[in-house]
Each structure stands twice: as structure tokens, then as C-alpha cells.
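how would this look folded up:
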Amino acid sequence: KYLSPLADNLQDIVVTWSTRGSPNASLVSFARNFAKDTLTLVPGKWQKFVDGGKKARTQYVHSVELKDLQPDTRYEYSCGSELGWSPVFNFKTPPAGNNWSPSLAIFGDMGNENAQSLARLQRDSERGMYDAIIHVGDFAYDMDTANAAVGDAYMRQIESVAAYVPYMVCPGNHEEKYNFSNYRARFNMPGETDSLWYSFNLGPVHFVSFSTEVYYFLSYGIKLLTKQFEWLERDLAEANLPENRAKRPWIITYGHRPMYCSDDKEYDCNKDLETYIRQGLPMLKWFGLEDLFFKHGVDVEFFAHEHFYTRLWPIYDFKVYNGSAREPYTNPGAPVQIITGSAGCKEEREPFSNDLPVWNAFHSNDYGYTRLKAHNGTHLHFEQVSDDQDGKIVDSFWVIKDKHGSYP
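Sure thing, here's the model as predicted:
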């Protein structure tokens, strides 16, 4: 079971779960106090999913929409049908409007095995520390493995976080099998794009999720790449309108594979492969995202894929655009990029290059995850939590902007 928003905000929630047996209904019962209040029963829908493996295992993915919820309110809920019900979980809706300070946990590359960050994320979530969780691609390792049994195990594992806090995702390379079918079937993000790309608003931030994989798995056709790029152009242009920047000053994107990286894996970090996302498809240089994000004034870009944490200096076209020598992240001249792919998986860690590039501001090989708090329209605060060091904060910094919009 996990939660996600129905539309571009988190006032309406979708509860999603799966069953092996053929369902007779998809129902959620909820109330502010499950034991004492009158329960509201909401019906939903289900879809049959057949995995592409040899056994063609079948499951049924259920979704129920909880609409018109009260802002800043805790609800308790259970999902299922008369054939059986889940335990009672709970969630809290965000405050109304844009003038509040959301907190998020952000990470990528977490598997069933060696999921180093999971226990601490569970504890954080139970303490109510987060308004949403963002998983920047690569789940389970892999969701299709063992006729999708590994995917089932992962979803049960992440339930301890995602049943309580909206769990926002984007696809990574490990989701590719059978044209991303496990990813598409299991996740239920806003919009009508099989969760491949979408956006949502949270307090003073407009979040944009996209697929980096449409640049690499062209065997499934180029149409997804062109559709996503056109959508990104529209979404970012709208978010960057002065009236929308006044409501939600920050634009933050997340996608799996980074534009820049500082390790020695030839198949990820050579100059040719990096340009797929940054500059566009080879030779033609079409559909590059760095120019698009720069043009529309994206403030922060999250990536994963590399199994470490890196904070970059503000960067555009391999040039550093610090705000000033003393305060590099105050009114920077380019987006700030963060790679956070160290939540833990069976592929373990990855080493950094011996010769680090000049745009590498800070890096850590510790397992861990990133925290973001959007204090207001001018101040974002970031922390990197180390699981190796029992939750120690190994990096923290502010991004401060007096004004938002396209870069000069």
C-alpha cells in the first residue's frame, strides 16, 4: 500500500495496493479516528497486471481516490474489501495554500537487499518528519526479477513508509524490463502518463518529475521522448510565469540519470553518454534538458543512479555560476544539482574519480538520503543523512534566492 496525490496538489489522495486473488471490490474505509468516528467507505477501481516473465504471474492493482479532504488534518484508513482488510494506517494532509514549509526525504537506488536507509526513513516517517517522500528511480533490483516476486517484496517493504506519507517516484534504468511494465502498473502518479512524467505543487515549490530513460531505451520508440519534452516545455513555461512564480517561487526537478557525474564508470560517465540528457540525442542535439531547465529558471535538480551523494556548485554547460565567492548558493547564476543515489542496494557503493571536477562541491560515499525543507519563497535547506554514521548530518547548506525566474 502507498499514498500518492490525485492531482497537482496533495489535498486529494490516492490509495494504491495490490492483491494476488481476483478481487470483488476496491474499498477504503477512513475517518479521523478509525475506532470512534463513523467510517466513510469509498469505492475505487482495479486493473489486472500480468508480469512479462515466464510464469506470467497475475496480480490486481487497486486504487481509491479520497477527495475533498480537510487541510492539515490527520486521517486513519484501511483498504481492502469484504474478502479481507489491511491494518489501519494513517496520513496527514498538508496545510491549505502555498505559505507553509514542506519537508521531504529524497533518495534513489534502494533495493530489497542492503536497503540501508529504510529503517531510518521508517522512523522519520513515524515521527511525522516528512510531507512527501521522493524516490528518484531504481527500485527493488529489480521489480521484474523472479517473475516479479522481488517487486512484490519491495512494495511490502516500502509500505512501512509509503502507507503513511505520499511516495513520489520516477523510473530508472532498473525498471526497463518489458517496457517498464512493473513500474507502470504498480505506481499511480498524477496525470495520465503511466507515472513516467508529471508535476505537483507542495507549499512554495513546483516539483517536476521526468524520465531520463526515454533517452536511452529508444527501442521502445522515440515518441515517448518527444511527448515528454513537449510536456516539459509546457509545464515549465507555465510554472515560470510571473503570476505562478509569485505563488510558488521554487521549481525543483527530479530524474534518475545525472547530467554530470564524478566517478570512473565508463558506461555512465563518459562525455558521450552524459550528453544524452544534458545536450540531447547524439549528433542532432535534440531534446537536451540543460538548456530547457536553464531557460525556465529551474532552481534545483535532483538525480540519482550513481550510488553516492554529490552536491555540485551551480552549473551550466560545465561552467560554475556561484552567487559569490563567500555565498555560492545565494542568488546563483545557474541551477543547483544534487546526486542522491546512496539509499542502499545489492550493487553497493561506487567510488569517486581520483581527479574530481571543479564543479564537485561536496561528495560522500556513505549510505544515506537527502532531506529538503522549503522554509519559504526565498530559503531552501538541504541535509545529507549518513546511515554509516548513525544518522549524522554530513552535509548541509542553504539555497537562498531573492528573486526567481529565467537566468540572465
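
Just give me how far stretch 59-68 sits from the chain centre.
A distance of 20 Å separates the C-alpha centroid of stretch 59-68 from that of its chain, computed with C-alpha atoms, centre = their mean, to the nearest Å.

before we move on, what about stretch 21-34?
Shown here is stretch 21-34, whose average C-alpha point lies 26 Å from the average C-alpha point of the whole chain (C-alpha atoms, centre = their mean).

Kindly report the same for stretch 168-185.
Mean-position distance between stretch 168-185 and its chain equals 13 Å (C-alpha atoms, centre = their mean).

Start and end of it, how far apart?
End-to-end distance of stretch 168-185: 15 Å, with C-alpha to C-alpha, to the nearest Å as the criterion.

Helix, strand or coil: sort out Asp291 for me.
On the three-state scheme (DSSP: H, G, I helix; E, B strand; the rest coil), Asp291 is labelled helix.

Just the pLDDT for Pro357.
At Pro357 the predicted local distance difference test score is 86.

With Tyr178 as the reference, measure out to it.
37 Å (C-beta to C-beta, to the nearest Å). Heads up, the C-betas are built off the backbone N, CA and C, glycines and all.

Likewise for Thr370?
Here Thr370 is placed at a distance of 31 Å from Tyr178 (C-beta to C-beta).

Tell me where the model's unsure across the protein.
7-10, 264-275 (pLDDT under 70).

Between Thr370 and Tyr178, which has more neighbouring residues?
Neighbours per residue, other C-beta atoms under 10 Å: of Thr370 and Tyr178, the larger number sits with Thr370, 25 against 17.

Phi and psi next, for the more buried one.
With angles defined as degrees, to the nearest 10, Thr370 shows backbone torsions of phi -110, psi 140.

which residues touch the lengthiest helix in the chain?
The residue-count maximum for a helix in the chain (DSSP state H) belongs to helix 223-239. The set of residues that contact helix 223-239 without belonging to it, under C-beta atoms under 8 Å, 6 or more residues apart in numbering, is 193, 196-197, 199, 206, 208, 210-211, 214-215, 218, 244-245, 248, 251, 281, 287, 289, 292-293, 295-296, 298.

Would you show me how to pick out the buried ones of the residues you listed in ChimeraX?
The following ChimeraX selection, which keeps only the buried ones among the contacts of helix 223-239, applies the criterion 16 or more other C-beta atoms under 10 Å:
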select :193,196,197,199,206,208,210,211,214,215,245,248,251,281,287,289,292,293,296,298
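
just checking, Arg311 touches Thr370?
No. Using C-beta atoms under 8 Å, Arg311 and Thr370 do not qualify as a contacting pair, with a distance of 9.3 Å.

The contacts of helix 223-239 in helices, which ones?
Assignment to helices by DSSP H places the following of these there: Asn244, Arg245, Leu289, Leu292, Phe293, Lys295.

For Val336, state which of these is nearest.
Nearest to Val336 among the ones in helices among the contacts of helix 223-239: Phe293, at 11.2 Å, using C-beta to C-beta.

how much space is there between that closest one and Phe303?
The separation that Phe293 has from Phe303, given C-beta to C-beta, amounts to 12 Å.

which parts of the longest helix of the chain are buried?
Taking 16+ other C-beta under 10 Å as the basis for neighbour counts, the residues of helix 223-239 that come out buried are Leu224, Leu225, Gln228, Phe229, Trp231, Leu232, Asp235, Leu236, Ala239.

could these go into JSON lines alongside distance to Ile134?
Below are these laid out as JSON lines (distance: C-beta to C-beta, whole Å):
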{"residue": "Leu224", "distance to Ile134": "21"}
{"residue": "Leu225", "distance to Ile134": "22"}
{"residue": "Gln228", "distance to Ile134": "18"}
{"residue": "Phe229", "distance to Ile134": "22"}
{"residue": "Trp231", "distance to Ile134": "19"}
{"residue": "Leu232", "distance to Ile134": "17"}
{"residue": "Asp235", "distance to Ile134": "17"}
{"residue": "Leu236", "distance to Ile134": "18"}
{"residue": "Ala239", "distance to Ile134": "17"}
